[in-house]
Every structure is written in C-alpha cells, then in structure tokens.
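*Asks:* model this:
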Amino acid sequence: MESKRGKCGGSCNCNSGMDRRTFLKWSAAAGAAAMLGSQAAVAGPFTRADFEKLVPADKKLSPDWIRSLFERGSRTVYRGAELEKIGMPIGGLCAGQLYLGGDGTLWHWDIFNRYVATAAGHYANPMKPASPIDQGFAIAVGQGEKSQIRTLDAKGFSQISFIGEYPVGFIEYKDSALPVAVSLEAFSPFIPHNVKDSSLPATVMRFTIKNTSNEKIEGAIGGWLENGVCLYSGKERDGRRINRIVEKESFVMLECSAEPQPQESARPEQEDIIFDDFEKSTYEGWTVDGTAFGPGPIEIKAIPGYQGDVGGHGDRVVNSHASAPGDSVEQKDSAVGTLTSRPFTIERNYIRFRIGGGAHAGKTCMNLVIDGQTVRSATGAGDNRMKPQGWSVKQWIGKTAKLVIVDTETGGWGNIGIDEIVFSDKPTADPGPLSQEADFGTMGLALLNPKKSDSAVCEVPKDNSNDAIFSVKPPKVSSSDAKPFTEKLTGALTRSFSLAPGQVTDAIFVLAWHFPNLVLDRNNKLTGRFYAQSFASAQEVVEYLAANFKSLRDLTLLWHDTWYDSTLPYWFLDRTFLNTSILATSTCYRFSDGRFYGWEGVGCCPGTCGHVWQYAHAVARLFPELERDTRQRVDFGLALKPDGAIHFRGEFNDIPAIDAQAGTILRALREHQMTTSDNWLKSNWANIRRATEWLIAKDANGDGIIESNQHNTLDTDWFGPVAWLSGLYLAALKAAETMSKIVGDSDFAARCLSILPCGQKNLVEQLYDGEYFINKPDPTKPETINSGTGCEIDQVMGQSWAFQVGLGRILPEKETRSALASLWKYNFTPDVGPYRKAYPPGRWYAMPGEGGLLMCSFPRSDWDYDKAKGKGPDWAAGYFNECMNGFEYQAAGHMIWEGMTQEGLAVTRMLHDRYHASRRNPFNEVECGDHYA
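*Replies:* Here you go, the predicted structure:
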C-alpha cells in the first residue's frame, strides 16, 4: 500500500483526506439517500447517545437486511441511471483494460500501452464513461414503410438492463416503439487453469435479435470502429492509418493498421520560436477564465512539496493545482478555468511543450484550435512531473491558430501543468521508427460466421457513423483505404436479416487488438506483451478465436454457470468473484518473457508488492501458474537477498517487510498445493528455507515473538511485540515445517517446530488482553506509529492464512473468536460518518452514510489515535481511520471460517453496497489506485 506522496505524487489524492466542505456534502447526501434512496435502510434509527463512542455496540441492523444476507435472492439487475457508472473489464487477462458499460458501450480503451496513473480519487468521484476512439453498434429495423436506426446504447433504447456476472455481461435492449428485442452477451474467454486462452486481446460481442411483433421485419445490425493505431504517437508524427477488409471462411474483418508517411522533400529548418516560457509573473498574451490558474505562472518554489519535482524548465510554470485557491488537495483540484493564447500563425512543422497533470481528455488538456475547431489535444498522464510532448502541424502551416489550456475537471487529478511552448521544425525528440511506438500495432472488428447478407466497408463518413454504416449495401464495397494521421478513419461491418414473427437471429462481433510494444520499465526489462508471443497481429487473434469459438465460449459459460449454480446468495457470488476481473485491467501485466507483474492499483505503487498481493488468493486458485512463476522468478529469485530477506517490491525497493516475508512463505505452500507433484517445491526449497531463516533471525530470543523493527503494509516500521505480525510469523513457521517434511528436511522441520509452541503460548500470554489481541509498543520508540491497545483489523490474520492452506489452528479458537467479535463490536459501523468526523485523517473509501469495518479503533482509555500516531506522518497514521476493502475481506472471510457467518456476511455486504452502481462502478474497488489488488 506504499502511498507516500513521494511515491504517488501530490494531487493524485492517494493520501488525501476530505475537507470540511466535501464532508458536509457527503453527509447531506447520506441523509438524502436515507430518505429518498432506492436501497432500503440497513440499520437504525440511531440517537445521539448511540454514537457517543462513535461505533455503536448495538448495530441496530434491520431484520430484513439481515435476512437478505442469507437468502438466495435473484440476479443483480441494473437499470436507468444505475448504468451510467458501470465499467466491467471485458478483455483478456494482462492484455490491457477495456470496459463494458452498463448500456453496452465499450469505453476506457487502455489498450495502447500508455501509462495511466490512478489513486484514491475515483472512490468519491467515479470515472465517467469516455472513449478516445469512435466505436459502437447499431441496429436498423424496417417494417412496412417504417424504418428506424437505433444505436445499441442508452441514446438508442429507452429500456436497458444490465447483469454483470464476471466474466460475462448480459444486456437487454427494449423499446416499445421498436418491433425487436436485442440481447447482448459480452465476454473475453475466461477458462480457469488455461492462462493462454484466458489472455486473448479480444472481446466478444454476441448480439441476439428477436422479432417481437406480429409482422415480418427487415433489418440490419452493424458495428463501426475508428482506426486507433498510433492514437497518441500520431499526434506528433507523420504517417497514415490503413483499413482493409479481410475475408476468411470463418469471419470477415475490418483490419486497422498504420505505416510511416512517404517522405517528402524537406524544406530548410528554421530557428525555433519560443512562444511562451512562462517566466513572467503574469499571463501576458493569454486570456484567463476561472480561478484554477491564478493571476500568473506560479514560481516552482511555491508549488506544494507533495507535488514533487514538476519538471519545469525555468523558475515558473503553469500549474492549475498549485495556483488554484484552497487549503486541501480536493479544493485545489476542484477549481476550474482556461487560458486562451493570443492568435498566431503556424510557421513551423511542430509545436513542442511540456505537459503534466490529469489524464482527462477534453478536461485537463491543451488544445490547438483552428477556425474554431480543436484539431490537436494533449493531456497529462496522471503525473505531476511534466514531460516533453508535441504535435506535428505541417498541414496547417500558414493557418491562424490559438492554444487553449483547459482545466474543467473537478475530481481527482483535476489539474494541468504546462511549460515551455516552442514552435520548431524539429520534433520533441528523435522518434525512431514508427514501428517501435508503444501504440503501433493492429486492431480490428470482425464478424464471425459470415453470410451473403454481410457488408464491410473501410471508410464511413466522419459524422453519424451509426447512420452511415447502413447506407452501404452488400456485397463488400471496398478492400482498403488510407488516411493521414491528421484525419479520422472509421470502417464498419453490417449484417442484414429478415425475421418472421417470433424468429431469432444472432451476430457475433469480435473486437481484437495487438499492441506488442509495451515499455513499463526499460531498465528492468519490463517490456513487451506476452500475447505477442502467440500472435503476430490482431488478425491472428481473430483467426484463433474464430477457429476455437465454440469451445472457448462453452468453457467460459461453463465456468460462469458452475459458479452461479449455488445456494449461496447472488449478491455474495457477484462480489466475491468480480474482483478477479482485476487480472483484465491495467493493474496486471504479463511481459514478453512471461513474467507476471502487478501494480497495487492501476499505475500506482510498483513491484507486485508482497504485503499487498498476499491478500489475494483467487489468482493462485484460478491461474496457479502465474503465482508459481512470481514466487520462483521474483520472490525467491531476483528479490531474494543472500541473508534471506525478500525485497517486497522486487527490484523496485531495497527493504523487506515482515508481513510480506511471512505471507510469501505461506504462499509458497499454497503454490505447492496447486501442483500435482513435489517438483516445484523441491526446486525452490533452498530459497524458501533461506527466507524462513531470515524471519526466524528477526525473533532474536527465539520465543516466537518478533520485537525489533517490523516494516509492514501500513508503510512504516513498528517496534515491540505486534500480535498481527507475530501471528503471521507463527503461521509461516507452521507452513515451513509442513514443507520441510514434504522435501525430507527433517532438521529444519524440527527447528520450526521448536519455536512454534513457545510463540503460540507467548502470543496469548503477552498480547491477549482478555478480549482481543494488542501490541506492546517499544517504550524507547515513542515517536513511531503503532496501534498499541487499539483493536486492529489484522490482529489474527495468521490464523486466517493458516485456514487458507490447511494448517489447522495456529491461534487458540476461544481467543481468536473473541478477537473477531471485538472487531465486530468496536470496528464495524453502519455509518462511518461520526467516526470520521472525530478522526478525519486518512483517505475515504467509505463515505458518511456508508458502513464498513474500520482499520483500527481505540476502545481502551490508555491508547488513542494521537498516541498511535506518535510523530509519524499523517498519511500513515491516517490508515487507522479508513475502511480498506482488502483488509475487510480478510477479516470477513476469517469470521465465516470461525462460524461467525452473519458477521462475516454483514461486513462483506456493507462493502458490496458501497459499490452499488447507484454510487460508483461495482467492478472498480478503489484504494491507492483503481482495481486495487
């Protein structure tokens, strides 16, 4: 979870609290929701006396709500305004991030290998659907003399319902004015224990059309796709995009590619023109609107330290965060405004500049405007540090233009940074071959099982793609077309149909992509897309999918049907599986050498962090080869030091963490259990043993309790006996003993066993206070953070881990259940608002009016938040006041293991309700980044 400002950047909101204005807004919204919301109240009513201790012992949970925890219920169906925030990952594992919207729109489109940083902001301010390319589907229906064209989205249909049961999305389209009903089955193949077929860079959109009238109808269904190859690099480079139609027995395909523009005779280079270096104290030559940009370029030395080095060229820069009014990150990012330059004549081939800030297209950007139209636009990349960018403007030489710097985004990363605008005949840097650009590759739209009624066209008019695609009649009318990067190129596929009353037909579209030139970290060889080892182009992806479509679809649906063929509640099945979709987001990568890699959340905190990823178990059960490879290649490979310490971020940090070390040893046992022989364990045993010996060495006196510095997932070193960390240590000892016996290392098994009983005894005698497990901070380290006698969420996690790998009891049942009951009593609240009003530090993953399990509460009179903080930073101590979903799942799952089923379900359901589509995207659980691991 390492989220220090230096790691994540300033205005990413990764560490921000909530200002009073925002708190009041959410408090008011919570009150309104209680009166007007479509969801029934889950608890209450409460009086002021109930909140005297901020977390009521009597939760006053509604009997109806408690019953709903256990009832099978029905499938979760979203409609109306609930569709607006939905973004279900719908591509292959480690192949980028493409969302299926609630109305069937495909959006986000993070498939072009562009670094995207996220942080905490998308919890309070969920992303709104947006697409950098033009793509969609539509249907045309004729009956008698009447004909209609409708887009297959919220604009085209009045009645849409969405069921998202990952890995499959089901959408129904109906409209009383239309004589058809359309259903969509959307998925990317997802087959547990088959990584290759689950990692295709492709999305299937299977539409079924039914004639609901009493008369025959004629119609067509179609899809269009803008060529997005070189989507970003093409703004600065010269080249052209090419569309061509590929006809095969099993599919017809619109294939999109790009190539360099043929070289023209170059005119002599002229000297650069510095349009503005922003070294003046005013915006002379610019028109200022709004408050975000302040009275003039801000001095770099006046920029808040948490923004880090912004990469300015001189003494001043444009920065709409630092210049904005307000005392908090949120207030500054909520300010809006524009800067509009004086008109100028384009006289050079390129416009170069430095740009940073938010990655909100059209909202945090700089635009080039000619004749009132934006012809070029650039955004930041979710990073305060500005980086050189530029545009090729050769085709507009002699034209009059303006630059408009825009900040109209009010949520996270609602800012833009600009510096050093230069007109030049030279690009920003020597770009190298076009074929090496990150967004160079191929993509395409295919229609499976082609029919004579199909049509395919390489180019449709720029506007009204949904109407234009039906103006082309079969057969295919063009085989290829090309446009320069400065012009939009969109192609389309359609299928005509004739349906008698009640008759049904279908059309199976496949969207595929192939962008192999990923560079996440060149120095550490984190490059390339693994899918490119199997396929040389998007066409090859389609060929494979078409040839194997029946089995790929059948096995995907078999998994879906098997998961939901259960007596468990639908809501529970939804919530406990949907986070496996993180594998199909830009949290997760698989590089060309086969290495699996994960951020903590999309673009935030590197290195497949051991103390974060140890909370994730689904990957190991569904796709165990990814976890085995990570253990062998990274944790017991490049991250393992001679003394046995495992650097928990691999090559990206240089220290170990106690919880990561113990968790990795436990994961080694888990990975062995997911094999069919002892070979993997035997080949890695020497390094597993060395890692365990390092952990034992931290237990200086061999009493089973670690007391020296203990770095952990809360991002600081704790000192003194810590129940949570020593409990994990004991579980790791038991795992090591178990593995020792399997490989025949009886001496080491005996060594582990000699410590374990002593530790089990001491943990209870020293750290169990009669109600729950505590820590005993080192009195010589009063400045360090430590939860002390607080009730901390992970206090018995060692036992939770032991259950995961079948180790039996590590901690005694009575004391463990009492500790979990204390978490329920002291940490679970149906409304976090009162507690967070009293303890505001920390980030917000549960808003006023929303419930959750707090990370740590302080029910004892000898310890409170201030003592727990010591002299540590607010951002780290603030973790205690938060509700973080990964920790909540761990505790809830453990409650269920121990027979506290109602409590475990209640914690999970509160989390599920926080992510109801009426509030935010159900498929994006946010912490320090989107889709947090």
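
*Asks:* quick one, domains of the chain?
*Replies:* 92-263+436-558, 273-425 (automatic domain parsing).

*Asks:* got those as TSV, with mean pLDDT, distance to Pro63 and mean neighbour count columns?
*Replies:* Any C-beta I mention is one placed from the backbone N, CA and C, and that applies to glycine too. Shown next, in TSV, are these (pLDDT from 0 to 100; distance: least, Cβ to Cβ, whole Å; neighbours: other Cβ atoms under 10 Å):
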stretch	mean pLDDT	distance to Pro63	mean neighbour count
domain 92-263+436-558	94	28	20
domain 273-425	94	38	20
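
*Asks:* Of all the ones you listed, which one is nearest Ser68?
*Replies:* domain 92-263+436-558 (18.3 Å; Cβ to Cβ).

*Asks:* Quick check: end-to-end length of that closest one?
*Replies:* 17 Å (Cα to Cα, to the nearest Å).

*Asks:* How far off centre is it?
*Replies:* Its chain's C-alpha centre and that of domain 92-263+436-558 lie 21 Å apart, by Cα atoms, centre = their mean, to the nearest Å.

*Asks:* What of stretch 696-707?
*Replies:* Here the centre of stretch 696-707 is set off from its chain's centre by 38 Å, with Cα atoms, centre = their mean.

*Asks:* got the buried residues for it?
*Replies:* For stretch 696-707, a neighbour-count test (16 or more other Cβ atoms under 10 Å) marks 696, 698-699, 703-707 as buried.

*Asks:* of all these, which comes closest to Asn524?
*Replies:* Lys698 (27.9 Å).

*Asks:* what's near enough to touch the residue nearest to that closest one when sequence neighbours are not counted?
*Replies:* In this structure, Lys698 finds its nearest non-sequential neighbour in Ile706, 4.9 Å apart by Cβ to Cβ, 6 or more residues apart in numbering. Ile706 sits next to 658, 698-699, 721-722, 725-726, 729 when contact means Cβ atoms under 8 Å, 6 or more residues apart in numbering.

*Asks:* hmm, try it at 6 Å
*Replies:* Applying Cβ atoms under 6 Å, 6 or more residues apart in numbering, we find Ile706 in contact with 698-699, 726, 729.

*Asks:* again with Ala838
*Replies:* Ala838 sits next to Leu54 when contact means Cβ under 6 Å, 6+ apart.

*Asks:* now do Arg690
*Replies:* Gly644.

*Asks:* Could you rerun that using 7 Å?
*Replies:* 640, 644 (Cβ atoms under 7 Å, 6 or more residues apart in numbering).

*Asks:* hang on, it is in a strand, isn't it?
*Replies:* No. Arg690: not assigned to a strand; according to DSSP: H, G, I helix; E, B strand; the rest coil it is helix.

*Asks:* Do you know the pLDDT at it?
*Replies:* You'll see Arg690 listed with a pLDDT of 99.

*Asks:* hang on, the earlier thing: so which of the buried residues of stretch 696-707 are in helices?
*Replies:* 696, 698 (DSSP state H).

*Asks:* and which of the buried residues of stretch 696-707 is nearest to Met797?
*Replies:* Ile706 (14.4 Å).

*Asks:* I'd like to know how far that closest one sits from Asp654.
*Replies:* Here Ile706 is placed at a distance of 20 Å from Asp654 (Cβ to Cβ, to the nearest Å).

*Asks:* same deal with Arg553?
*Replies:* Separation of Arg553 from Asp654 (Cβ to Cβ) stands at 47 Å.

*Asks:* again, but for Leu526
*Replies:* 18 Å.

*Asks:* ditto for Gly872
*Replies:* Using Cβ to Cβ, one obtains 21 Å as the distance from Gly872 to Asp654.

*Asks:* circling back to that earlier point, could you dump the domains of the chain to a markdown table with distance to Trp824?
*Replies:* Shown next, in a markdown table, are these (distance: least, Cβ to Cβ, whole Å):
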| stretch | distance to Trp824 |
| --- | --- |
| domain 92-263+436-558 | 24 |
| domain 273-425 | 32 |
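
*Asks:* Looking at the ones you listed, which is nearest to Pro782?
*Replies:* domain 273-425 (26.0 Å).

*Asks:* now the closest one, how far from the centre of its chain.
*Replies:* With Cα atoms, centre = their mean as the basis, domain 273-425 stands 27 Å off its chain's centre.

*Asks:* and the end-to-end length of it?
*Replies:* Distance across domain 273-425, first residue to last, is 10 Å (Cα to Cα).

*Asks:* Please apply the same query to stretch 192-212.
*Replies:* In stretch 192-212, first residue to last residue: 38 Å (Cα to Cα).

*Asks:* What are the contacting residues of stretch 902-918?
*Replies:* Under the criterion Cβ under 7 Å, 6+ apart, residues 38-39, 61, 66, 69, 78, 82, 85-86, 102, 571-572, 575, 824, 828, 846, 850-853, 885, 888, 891-893, 895-896, 922, 925 lie in contact with stretch 902-918.

*Asks:* same deal with stretch 668-683?
*Replies:* In this structure, residues lying in contact with stretch 668-683 by Cβ under 7 Å, 6+ apart are 620-621, 624, 627-628, 631, 684, 688, 735, 738-739, 742-743, 804-805.

*Asks:* need the helices for the stretch 501-650 of the chain, in chain order.
*Replies:* 538-547, 549-564, 570-578, 610-613, 618-622, 624-630 (DSSP state H, counting those that start in this stretch).

*Asks:* can you put these in a markdown table and add distance to Ser74?
*Replies:* As requested, the helices of the stretch 501-650 of the chain are exported to a markdown table (distance: least, Cβ to Cβ, whole Å):
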| stretch | distance to Ser74 |
| --- | --- |
| helix 538-547 | 32 |
| helix 549-564 | 12 |
| helix 570-578 | 6 |
| helix 610-613 | 34 |
| helix 618-622 | 25 |
| helix 624-630 | 33 |
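
*Asks:* so who does the nearest residue to Asp333 once chain neighbours are set aside touch?
*Replies:* Nearest in space to Asp333, with sequence neighbours left out and distances taken as Cβ to Cβ, 6+ apart, is Gly414 at 3.7 Å. Residues near Gly414 by Cβ under 7 Å, 6+ apart: 333-334, 358, 364, 407.

*Asks:* just to confirm, which helix or strand has Gly414 in it?
*Replies:* According to DSSP states H and E, Gly414 maps onto no helix or strand at all.

*Asks:* And for Thr494?
*Replies:* Short version: Thr494 belongs to strand 490-499, going by DSSP H and E.

*Asks:* Direction included, what does that strand pair against?
*Replies:* strand 217-226 (antiparallel), strand 454-457 (antiparallel) (DSSP bridges).

*Asks:* could I get that strand in PDB with only the CA atoms?
*Replies:* C-alpha atoms of strand 490-499 as PDB (Å, rounded to 0.1, in the frame of the first residue of the first chain):
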ATOM      1  CA  THR A 490     -13.600   4.600 -39.500                       C
ATOM      2  CA  GLY A 491     -14.700   1.400 -41.000                       C
ATOM      3  CA  ALA A 492     -17.800  -0.800 -40.400                       C
ATOM      4  CA  LEU A 493     -19.300  -4.200 -40.700                       C
ATOM      5  CA  THR A 494     -23.100  -5.000 -41.000                       C
ATOM      6  CA  ARG A 495     -25.300  -8.000 -41.300                       C
ATOM      7  CA  SER A 496     -28.800  -7.800 -42.800                       C
ATOM      8  CA  PHE A 497     -31.600 -10.000 -41.600                       C
ATOM      9  CA  SER A 498     -35.200 -10.900 -42.300                       C
ATOM     10  CA  LEU A 499     -37.300 -12.200 -39.400                       C
END
